[in-house]
Each structure stands twice: as structure tokens, then as C-alpha cells.
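*Asks:* Build me a structure from this.
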Amino acid sequence: MSGALQPRYRDIRVGGCTDAVLDTRADGLQVLRSTEPLGDYPPRLTDALERWAAEAPERTFVAKRLPASQGGDWRRISYAEMLQRARAVGQALTDRGLSADRPVAILSDNDLEHLTLVLGAMWAGVPVTPVSSAYSLISQDYGKLRHIAETVTPGLVFAASPTYGKAIAAVFGADVEVVLTEGAMEGRPVTPFDALLATEPSATGDAAHAQVGPDTIVKFLFTSGSTKLPKAVINTQRMLCANQQMLRQCLAFLEEEPPVLVDWLPWNHTFGGNHNVGLVLYNGGTLYIDEGKPTPKGMAETLRNLREISPTIYFNVPKGFEEIAFAMDTDPVLRRSLFARAQAFMFAGAGLSQAVWDKLDAHGEAETGERVRIITGLGMTETAPSCTFAVGTDVRSGHIGLPVPGVEIKLVPDGEGDTAKTEIRFRGPNVMPGYWRAPEQTLDAFDEDGFYRTGDAVKFIDPAHPTRGLLFDGRTAEDFKLSTGTFVSVGPLRAKVILAGDPCVQDVVVTGLNRDEIGLLIFARPDECKKLAERDGPEAVQAFFQALADHLWRAGTGSANRPARLHVLTEPPSIDKGEVTDKGSINQRAVLLHRAALVEQLHDSRDGDPFVVLPRKA
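*Replies:* Got it, this is the predicted structure:
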């Protein structure tokens, strides 16, 4: 392609992860590290709060839209005000004698009180445990919430309203103080959140703050769990501060203009609660809390907010970007606002389909004459989260880039021959010290060199030129063999099916362990199937999935990537059984475990059975 035809990208400053050194050790294993050293970072994340309260006291740190009944405007908290609030709440928690052995549990979603409580606890050195609201409001047995309570033994539980009262009463004993933003619970004393805010800071609070250092635990973040119960990941001040410095060096433009985020990502996950909140705080930016969700119904609020607030960097999961990309087709105000100041988009949690990626590029070019680069990487709860970034203009879906400054990558072969994969492992100051109260699981999580075992597989984009970066290659534990010994690489196959099944396929689980052929359990998008049925008749949905089965069969090159049967699931994924996270990610292992009978039925089905769609192989 000639230079004149090269797409134009918005010019931004990046670094840190644009080059790397690859060393081969004496044992043959490869270690990859950035050529740029990690810069200095503060010992405590609240040092950034103090900095910006002094340098930009009136700047909005965080804002959340008021209800329509109260005018619907943004309620804002400045840096100076948040520092004052954090000190008051920190004093209140110190007065209660809370600690790592009796931390704070937060049950409700992102809001101003939630963030104030987190920063107050951080100020005082008291860990918090943000919990998915689904464990209280959607779960029927409170099994995961009960497990979390038993693991961390909180001394105080916070929620926004009495809506959480039933879960609190079922799980937390009378010795656990209940704090609500508003309302009361029948038969249980409740402390109003305003009572924490009204606490006068004193010498004991200052003394507690003085003891906070790099090894102080900030929070326990729970993994989503698969076939086992969630684990409590210890997050320290060092992890969070080091990772924010890593981000600042990779996304160097953050130093040039305080970032502005419009963000819904839940704070019980590392992406929203560590990466995004931390990025705003560390760089003196502004966070607009978005109450939308990446669903057809929930996107209305997100689109409303994005029409009003132009972010400088925008984060979402792939489904959210998909909804926004299609909305911009008919919404010029949204497109103008989104591209007005955006220096980069970033996705995580799953792969962004190339079709959506291309649509975002097309909208950028149509609006501004240039593309906004789409960045991505690899990170996890255990690493605070970011370990690799892909920040160039040549990034494509599946790329995860190169290591960030301060992180070492070890590449470990898994398996032999053509079916071998390569596991990626991490070591650095952003990696957890371990799982809380789980010494055996902690021991298993690290190898003999102290590298965290991720279970994620990668490969080089170009083995001859390793500095072009890495590609995500699925989970080593998800892959399996057919009865013939043929190895099935699940990650790439899932991505292929989801792309081919757009817009009616949300996700897919690959089956076929120890069988002759592979099958698919498909989670459909009910809203898209309904649109198709209303437009073309009910039989159009069946025809869509038949055409998908036919296409996948023709596109396959062998038994490991040619689905021989598929079933469209009617029962949605269960959060109680760990089949789905509150970000919408499907857990393959949990689905296979809890739907084992369906898998048996799928592979025993024959032509003519309404349960199964078989490809027309002619």
C-alpha cells in the first residue's frame, strides 16, 4: 500500500511498551522485558489525592448524575472535597478498629459514596472488598456472597439502600455493622453513611494513615471462579501505584491533559476499580460515573452520557463498543461528541470483533478525517491489572502487545509438537503477593522463579520479529483433545464462531472432549433473534443458525475446527453457578460442568432432532 493510502491516526504520545528485549535463558525458556525502565511511583495511591487536592483543588474528581426527580444534573466532588471526605471516613473506620482481619465489604454498585468509602479506607489502611451486586440482588442462594463473607470476615458492610437488606440479613451476623447511604433495615440497626462523613479527623486517624505503606493491603478482589469458588486476590498499595506508573509510561499522553472518563465498568473488577479509577486519580483527571450497561436496554443511559460528555480516553467491553458503533450509524451528535477529544479507545474482557473495530475506524474517519487508535493488552485481577499493552497504529483484534515497564514475561511451552501452546507468566511489582487465607492456592499460583502462572496462551505475531508483539492464543486449560488425539484450540475457534454468528450469537462454548467431533453450545442474543423473527418471520431464526452451521462446516479444515453440530441454548447463563460474570463474560468450564447432560444430548442427537442443528455437508 502506498503512503498516500495509509490511514491517518490521531497523533498521540505513547511509549513504555513499544520495544522489548527477548532473552533466552540457559534452560531454553524465553524472557521478554521492556527496554524502558519503570519510573518512580508513590508509596500510596492516596498521595495522588493529596497532590491534586493541592494543585487543582476545585477540579472535579468524580461526578454522578442525579435522578430525574432531582433535576438530572451532575453531582460533582472536587479533589479538595474528596480529600476531606476520605479523611473523615478514614477516621470513622479507624475508630471502629477495622483491619485486614475485619475489613469493609461493599455490596452495591459504583457511586459517590462507594468511592468515598474506598478512599477513606485506603487512607486509614483498612482493606475493602467490593462485591458484585449480582451476588446480592440476582443470586437466589447467596452462595458466592456467603463464601466471600466467610473468607474475609468483614467487620462492616456497606450498601446504597435497603434493597440489599435481604442478602445482608441472610449472610452477615449481628456483629457486623451495616452502613447504608439511605433507608433502614427492619430488625437491624443501621448507621447512615452521613454519620461516617460527619466524623472529625483526629490524631488517631493521622497515625493510622502514617502507617500505610507499599505493603499495606488496599482491597481483596475476588476472581470470578470457574469450577471452584472465587479466590480473594490481595491488592497492595505497591501493586496499584506501580501499575499506574506503568500505564502512564505506556499511555504517555495522560501527562499532557488530565484524562476525562465516562465509565460504567464495575469496581468489583480490576478493570473498572483499579485500572480506570486509578488512572483518573493518578493523573488528576475526572471520572463521570455512567449508570448504563452494555445491553440494548442499558445502553440508552451510556449513549445519553456520551452525547453530553466527551471523554479523552474511552474504555468498554467489546459488546459496549459494538452497541456504540451501531448507534453512531444514525446518531451524529453521539459520533461528534465521542470523537471530539478521544485520544484512544481501549477494550478488555474479551476479543473485539474485527467488524466492530473496522466500523469504529470508519466512524472516526467520517467525523474527523482520522482514526482513533484502539489499544488493548493483557492483564488480570492478580496483576492490578496491566502487564502488556499494544498501543501502535497496526494493532488488530487478538494482539496483546509487549510488556509494560517493570514487568517481566516468561514464555513457557505447554504440550508438545504441533499442538503445543505457550503459557505467558508475569513477574513485577504489580503482581499480587498471593490469595488471602489460601496458602496452597498461592503456592500453586507461582513457579519456581516467582512468576505468576496465568494459564493464558500466547504466540508471537511474527516469530522472526518478536518485537512486533504477542497474540492471545486462548486459555491452556480450555483446550482439549478429541478421541482421535487431535488437539482443539478453543480460543481462536470461539472468536471465529462469534464473528460468523454476528449479530445473533453472543458467545459460544465448544464441546467434544474425548469424542470424534466438536459441537457448539450457543448463547444467542434474544433481542437480535426477536428482531430477525419480526422482520422475516419465525422460521428466519432457524434458517440463520442453519446457515451458520453450514458456513462453519465449509470454512473448517479438519475435525479440530469444523463443528459437526450445534445447539442454541434457551436457558441464560447462571451467575450462581459461575457461568457468567457481571461483565457478561461466559465461563467455558463452568458451563460445561453444569450442563454436562446437555453436552451428552448434543453429541447423541441425530438428524431430524429439533434439539440440534447439523450442517448440510454437501
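*Asks:* From now on I want contacts and neighbour counts done on CA atoms only, so please keep to that.
*Replies:* Noted.
*Asks:* Starting from the least confident helix or strand in the chain by mean pLDDT, tell me which strands it pairs with and how they run.
*Replies:* The weakest-scoring helix or strand in the chain, judged by mean pLDDT, DSSP states H and E, is strand 480-481 (a mean of 75). Its sheet considered, strand 480-481 pairs with strand 487-488 (antiparallel) by DSSP bridges.
*Asks:* Which parts of the stretch 301-450 of the chain are strands?
*Replies:* 313-316, 344-347, 374-379, 386-390, 399-403, 408-414, 421-427 (DSSP state E, counting those that start in this stretch).
*Asks:* could you redo these as TSV and give each row distance to Glu478, mean neighbour count and mean pLDDT?
*Replies:* Shown next, in TSV, are the strands of the stretch 301-450 of the chain (distance: least, CA to CA, whole Å; neighbours: other CA atoms under 10 Å; pLDDT from 0 to 100):
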stretch	distance to Glu478	mean neighbour count	mean pLDDT
strand 313-316	25	22	97
strand 344-347	22	20	96
strand 374-379	17	23	95
strand 386-390	22	28	97
strand 399-403	19	29	96
strand 408-414	13	19	95
strand 421-427	12	22	95
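*Asks:* closest to His551 out of the ones you listed?
*Replies:* With distances scored as CA to CA, the stretch of the strands of the stretch 301-450 of the chain nearest to His551 is strand 399-403 (25.6 Å).
*Asks:* tell me the mean pLDDT over stretch 322-340?
*Replies:* Averaging pLDDT along stretch 322-340 gives 96.
*Asks:* do the same with stretch 532-551
*Replies:* Here the average pLDDT along stretch 532-551 is 94.
*Asks:* likewise stretch 504-520?
*Replies:* pLDDT averaged over stretch 504-520 gives 91.
*Asks:* same thing with stretch 295-311?
*Replies:* According to the model, stretch 295-311 has a mean pLDDT of 94.
*Asks:* Quick check: buried residues in it?
*Replies:* 299-300, 302-303, 305-307, 309-311 (16 or more other CA atoms under 10 Å).
*Asks:* what does stretch 547-566 give?
*Replies:* Those would be 547-553, 559-566, for stretch 547-566 by 16+ other CA under 10 Å.
*Asks:* contact partners of that stretch?
*Replies:* Defining contact as CA atoms under 8 Å, 6 or more residues apart in numbering, one finds that stretch 547-566 is touched by 482, 486-489, 493, 497, 500-501, 516-522, 602-603, 612-617.
*Asks:* In helices, which of these appear?
*Replies:* Residues of the contacts of stretch 547-566 located in helices (DSSP state H): 493, 497, 500, 602-603.
*Asks:* Of these, just the buried ones, ChimeraX syntax please.
*Replies:* Per 16+ other CA under 10 Å, the buried members of the ones in helices among the contacts of stretch 547-566 correspond to this ChimeraX selection:
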select :493,497,500,602,603
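*Asks:* got any ranges where the stretch 1-150 of the chain has weak pLDDT?
*Replies:* Applying pLDDT under 70 to the stretch 1-150 of the chain flags the ranges 1-4.
*Asks:* Tell me where the stretch 101-250 of the chain has helices.
*Replies:* With DSSP state H, counting those that start in this stretch as the criterion, the stretch 101-250 of the chain has helices at 112-124, 134-137, 143-152, 165-171, 193-197, 203-210, 237-250.
*Asks:* Convert the C-alpha atoms of the fifth one to CSV, please.
*Replies:* What follows is helix 193-197 as a C-alpha-only set of coordinates in CSV (Å, rounded to 0.1, in the frame of the first residue of the first chain):
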residue,chain,number,x,y,z
PHE,A,193,-23.3,6.9,55.6
ASP,A,194,-23.5,10.6,56.5
ALA,A,195,-22.5,9.6,60.1
LEU,A,196,-19.2,8.5,58.7
LEU,A,197,-18.8,11.7,56.8
